[in-house]
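Q: show me how the following folds:
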Amino acid sequence: MTTSKTEFSYSRSNDYTRSMSSGAEALAILRRYWGYDSFRPLQERIVASLAGGHDACVVMPTGGGKSLCYQLPAAMLPGKTVIVVSPLIALMQDQVNQLAQMGIPAAMLNSSLAGEEQSQILRRSAEGQYRLLYLSPERLARADTVSWLKRVPVSFFAIDEAHCISEWGHEFRTDYRQLSSLREHFPCHPIAAFTASATRRVRHDIIDQLRLRNPHKYIASFHRANLRYFVRQCDAEEQSALLVKALRKYAGSNVIVYSPTIRRVSETVEFLQQKGIAALGYHAKMDNDQRKRNQERWMADEVRVLVGTIAFGLGINKASVRSVVHLALPKSIEQYYQEAGRAGRDGQSSDCILLWQKRDVGLLTYFIDQITDSAEKQRAWERYHEICRFAQSASCRHRQICLHFGENPKWDSCGACDVCTSVPDWLAGHAARPARNHNNVARPARNHNKHDKKIVASAPQNGRSHLKTRPVVPPAASELNIELEERLRAWRRSSARKRNIPAFTVMHDSTLEELCTVQPDSLDALSEIHGIGARKLEQYGREILDILKQVRAAPLK
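A: As a prediction, the model looks like this:
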């Protein structure tokens, strides 16, 4: 397939120049609602594009801050509504809860709501009372939804998980194909597509299917420098032993373990419990309430290990995952990149461990053989060969991933994978591979061609990409106060239960950690903490200060 050299070109139109005049307003809203003083890479440009009324195609890795890119313009446009298309009810609910905590009016329409509640949302939407309204692709495809939406003051459409519209994508959904009619029904409204994992071919397909008009294209680097990739082929007994070693290595840290089947999830949870390791399961056939409870307990750090199928993780907003362990070969590099990428979203060093067995190959081929559509079967075989090459290759893992997504790194060795450096002692065993020469260590991707206007930004290399200006905390003061952290986490769980919302929507882990480090003693000082905007300061400020005061007054002996 040939690719235009201007694929990622970006036209600095007069509209764009004018939209940049709203930069001060965007920054003020970022401070007010999100509690941050600066944007992550690409975010400000994307916000300017959407505020300027342009179509856009955005590819950012997991944890790159995609949702803010369409939520912030929504907060900038009073009386207007951004329509967000999202594939999962749980994902919609989490985002609506988070927005409510920040004071941004938002709602969702789906089958989980009672008829009376849906009618109320329909009425309020037509009145322009919501800044964001979340719909499923199935709902948006309905004729009655389209006719009603024409009465809503829509500003633009944001398509989340946009790779689902492409047959070449690893999560193709037929319902997403119907979104191609958006341009026909709403010819004057901008459309923005967002995804974390799209190859060059999928990006082209997204643009074609959604009929985007001269879209501004933003492609972040696929290089996650803080992640370490370790791949190990093993037998069943060795895999179990290595899993236990891994979880003991990360004891006290948050870990996700991906299992290939529902049965293996249950078996793994039982096995870990027998080894004295607390773990929770998560899969599609689990009762909805139980699945929700398990996810919330893991999010609230009550249990640190969650064992799930691929049903777990879409939209999970937990920054402090220290390791993701796969117990089988994923179906594709895209799937692996997306799932492994849930580690280290806070920018801290984290491990992605793939422990695969020969029998995984048979399982993948079995599922491919069940596909009846010949074209889809061919695409599945292509993905199969790509993930097998990745697992068996002696080439840098980071480089393989970047090349797969169409990025051409200027380095050969990353110094952060089992191919380019020695593996941890607990994983090495007798299969330790000597470290390669890493004089040419990986650097974040850059635009080396001055004539190429492709907009590329490397993934955030530290977890505090939204920076607030403050003096550097002395090393002695930066040690987390364990008692304070436990008290704050207990307060967060209690606050979440009172409001019937997930704990992370009350306060993110990174915010709690900074509270422990800085220990502010006033509302003004508290407002300087990352992630505490005006609404959260008003809601929780006094409670947080009371906890800080109590702990300082009764220090641990």
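
Q: could you show me where the strands are in the stretch 351-500 of the chain, in order?
A: 455-457 (DSSP state E, counting those that start in this stretch).

Q: the stretch 151-300 of the chain now?
A: Ranges of strands in the stretch 151-300 of the chain, per DSSP E, counting those that start in this stretch, are 154-159, 191-195, 216-220, 227-233, 254-258, 279-282.

Q: for the stretch 1-150 of the chain, same thing?
A: 56-59, 81-85, 106-109, 132-135.

Q: what pLDDT, on average, does the last one get?
A: If I follow you right, that is strand 132-135. For strand 132-135, mean pLDDT is 96.

Q: and the strands of the stretch 151-300 of the chain as JSON lines, adding mean pLDDT, mean neighbour count and distance to residue 389?
A: For the C-beta atoms, the positions are set from N, CA and C on the backbone; glycine is no exception. Converted to JSON lines, those look like this (pLDDT from 0 to 100; neighbours: other Cβ atoms under 10 Å; distance: least, Cβ to Cβ, whole Å):
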{"stretch": "strand 154-159", "mean pLDDT": "96", "mean neighbour count": "25", "distance to residue 389": "31"}
{"stretch": "strand 191-195", "mean pLDDT": "96", "mean neighbour count": "27", "distance to residue 389": "23"}
{"stretch": "strand 216-220", "mean pLDDT": "95", "mean neighbour count": "25", "distance to residue 389": "23"}
{"stretch": "strand 227-233", "mean pLDDT": "96", "mean neighbour count": "22", "distance to residue 389": "12"}
{"stretch": "strand 254-258", "mean pLDDT": "95", "mean neighbour count": "25", "distance to residue 389": "20"}
{"stretch": "strand 279-282", "mean pLDDT": "94", "mean neighbour count": "22", "distance to residue 389": "30"}
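
Q: okay if I get the ones you listed as JSON lines plus distance to residue 425?
A: What follows is the strands of the stretch 151-300 of the chain, written out as JSON lines (distance: least, Cβ to Cβ, whole Å):
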{"stretch": "strand 154-159", "distance to residue 425": "45"}
{"stretch": "strand 191-195", "distance to residue 425": "38"}
{"stretch": "strand 216-220", "distance to residue 425": "34"}
{"stretch": "strand 227-233", "distance to residue 425": "12"}
{"stretch": "strand 254-258", "distance to residue 425": "19"}
{"stretch": "strand 279-282", "distance to residue 425": "24"}
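
Q: I'd like to know which of those strands lies nearest to residue 532.
A: strand 254-258 (21.9 Å; Cβ to Cβ).

Q: from the chain's centroid, how far away is that closest one?
A: 15 Å (Cα atoms, centre = their mean, to the nearest Å).

Q: that one - contacts with which helices or strands?
A: helix 236-249, strand 305-308, strand 321-326 (3 or more Cβ pairs under 8 Å, 6 or more residues apart in numbering; DSSP states H and E).

Q: which of these sits most buried?
A: Stretch with highest mean neighbour count among these: strand 305-308 (a mean of 26; mean count of other Cβ atoms under 10 Å).

Q: quick one: closest of the helices and strands packed on strand 254-258 to residue 49.
A: strand 321-326 (30.5 Å).

Q: residue 171: what's its closest spatial neighbour, skipping adjacent residues?
A: Leaving aside its chain neighbours, residue 171 sits nearest to residue 164 (5.2 Å; criterion: Cβ to Cβ, 6 or more residues apart in numbering).

Q: does the one you found touch residue 172 like I think?
A: Yes - Residue 164 lies in contact with residue 172 (Cβ atoms under 8 Å); the separation is 6.3 Å.

Q: and these two? Which one has more around it.
A: Between residue 164 and residue 172, residue 164 has the larger neighbour count (other Cβ atoms under 10 Å), namely 22 against 17.

Q: now do the domain split for this structure, please.
A: Segmentation of the chain into domains, based on automatic domain parsing, reads 14-220, 227-443, 475-553.

Q: any idea of the mean pLDDT for the last one?
A: I take that to be domain 475-553. The model assigns domain 475-553 a mean pLDDT of 85.

Q: could you number the chain from 5 rather than 1 from now on?
A: All right, first residue 5 from here; so that's domain 479-557.

Q: picking up where we left off before, if you compare the domains of the chain, which one is most tucked away?
A: The most buried one of these (mean count of other Cβ under 10 Å) is domain 18-224, showing a mean of 20.

Q: residue contacts, the closest residue to residue 72 other than its chain neighbours?
A: Of all residues beyond its chain neighbours, the one nearest residue 72 is residue 47 (6.2 Å), with distances taken as Cβ to Cβ, 6+ apart. By Cβ atoms under 8 Å, 6 or more residues apart in numbering, the contact list for residue 47 reads 69, 72, 73, 76.

Q: how about the third one: what's its closest non-neighbour residue?
A: So the one you mean is residue 73. Residue 73 sits nearest to residue 50 (Cβ to Cβ, 6+ apart), 4.3 Å away.

Q: over to the last one?
A: Across the structure, with Cβ to Cβ, 6+ apart as the measure, the residue nearest residue 76 apart from its sequence neighbours is residue 51 (5.3 Å).
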